[in-house]
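Participant: using only what follows, build the 3D model:
(one chain, ligands or ions: 2)
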Amino acid sequence: MRFAPSILTADLSRLKEAIEEAEAAGVDWIHLDVMDGIFVPNLTFGPILVEAVRRVTALPLDVHLMIVNPERYLEDFAQAGADIITVHFEATPHAHRAVQRVKELGKKAGLAINPATPLAAFEALLPELDLALLMSVNPGFGGQRYIPQSTERLRRLKAMRDALNPGCLLEVDGGINRSTVGEVYLAGADVAVAGSALFNDRPVGENLRELKAALYAFGGG
Ligand code: DX5
Ligand code: ZN
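Facilitator: Ligands and ions are numbered 1, 2, ... in the order given. Next comes the predicted model:
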């Protein structure tokens, strides 16, 4: 399984060091949570921070847009150096157009859904997607508890993915830690986002080792 640490819970006053430590520890992607205070009740950052992160790492940048009408900013995030751009199904009446635009910009396209959104939201677009992101908390904040029903949703989404587009990666986001990483792996997640479990007051290398040890205990790798 791939790990994508979210910088949301990193010490932003030393972001460069945090990312370098994560890269040295062996994480796979860097996950960037963009919030607009409207789609979610929190504000974070925009393309200028993505651009700054681009300058300090060669890892794929996985940009998760929690903003309304994300089509307004796709070009900006592409130019800032995003590799994967994920929009929320609930954030635009034109998710199909947004996904097409991301692909036109030469980037990998993701679609995300919230915990209350039916999985059927993925059906029409799955054949077009590089990434399907299942939220396992309500988006907006790091450090929330994993919603247990997410495991069954992930299992069903995996079946849908296997049938419609086996090349699409399944990503799970929210509340992933030593106690939940095994079950999301068994349910079919290819990529786990982890914020507070990786970026906290302990070294990210130690945190990653523990997370991987918990995963191996479930037969994962
Ligand atoms: C939530 C974000 C997540 C979150 C993950 O809105 O999309 O990426 O920061 O943080 P943890 O792992 O602490 O739940
Ligand atoms: Zn996220």
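
Participant: contacts, neighbours, all on C-alpha from now
Facilitator: Will do.

Participant: residues from this protein in reach of ligand 1?
Facilitator: 6, 8, 33, 139-144, 173-176, 194-197 (Cα under 6 Å from any ligand atom).

Participant: and residue 72, how many residues sit next to it?
Facilitator: Residue 72 is flanked by 10 other residues according to other Cα atoms under 10 Å.

Participant: likewise residue 40?
Facilitator: By other Cα under 10 Å, the residues close to residue 40 number 17.

Participant: please, which helix or strand holds it?
Facilitator: Using DSSP states H and E, residue 40 maps to neither a helix nor a strand.

Participant: apart from its neighbours in sequence, what residue is nearest residue 114?
Facilitator: residue 135 (5.2 Å; Cα to Cα, 6 or more residues apart in numbering).

Participant: which ones among the residues of the chain next to ligand 1 lie within strands?
Facilitator: Secondary structure assignment by DSSP state E places 33, 173, 194 of the residues of the chain next to ligand 1 in strands.

Participant: what distance do you get for residue 217 to ligand 1?
Facilitator: For residue 217, the distance to ligand 1 (Cα to the nearest ligand atom, to the nearest Å) stands at 20 Å.

Participant: residue 204 too?
Facilitator: Using Cα to the nearest ligand atom, residue 204 is found at 13 Å from ligand 1.

Participant: my read: that residue touches residue 22, true?
Facilitator: Yes - at 6.0 Å, residue 204 and residue 22 qualify as touching, with contact defined as Cα atoms under 8 Å.

Participant: any idea which helix is longest in the protein?
Facilitator: helix 150-164 (DSSP state H).

Participant: could you give the mean pLDDT of that one?
Facilitator: When pLDDT is averaged along helix 150-164, the result is 98.

Participant: same check, this time on stretch 37-44
Facilitator: According to the model, stretch 37-44 has a mean pLDDT of 98.

Participant: got a list of contacts for that stretch?
Facilitator: With contact meaning Cα atoms under 8 Å, 6 or more residues apart in numbering, stretch 37-44 is reached by 33, 34, 35, 36, 66, 67, 68, 91, 139, 140, 141.

Participant: next up, the contacts around the residue nearest to residue 114.
Facilitator: With contact taken as Cα under 8 Å, 6+ apart, residue 135 is in contact with 112, 113, 114, 115, 150, 172, 173, 174.

Participant: one more pass at 7 Å, please.
Facilitator: With contact taken as Cα atoms under 7 Å, 6 or more residues apart in numbering, residue 135 is in contact with 112, 113, 114, 115, 172, 173, 174.

Participant: go on, residue 131?
Facilitator: Going by Cα under 7 Å, 6+ apart, residue 131 touches 109, 110, 111, 168, 169, 170, 171.

Participant: quick revisit: could you export the contacts of stretch 37-44 as TSV, including distance to residue 157 and neighbour count?
Facilitator: Shown next, in TSV, are these (distance: Cα to Cα, whole Å; neighbours: other Cα atoms under 10 Å):
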residue	distance to residue 157	neighbour count
33	22	24
34	24	22
35	25	22
36	27	17
66	21	27
67	23	23
68	24	20
91	20	20
139	19	20
140	23	19
141	24	18
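
Participant: with distance to residue 42 added, can I get those residues in CSV?
Facilitator: Output for those, formatted as CSV (distance: Cα to Cα, whole Å):
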residue, distance to residue 42
33, 10
34, 9
35, 6
36, 7
66, 10
67, 10
68, 13
91, 15
139, 9
140, 6
141, 7
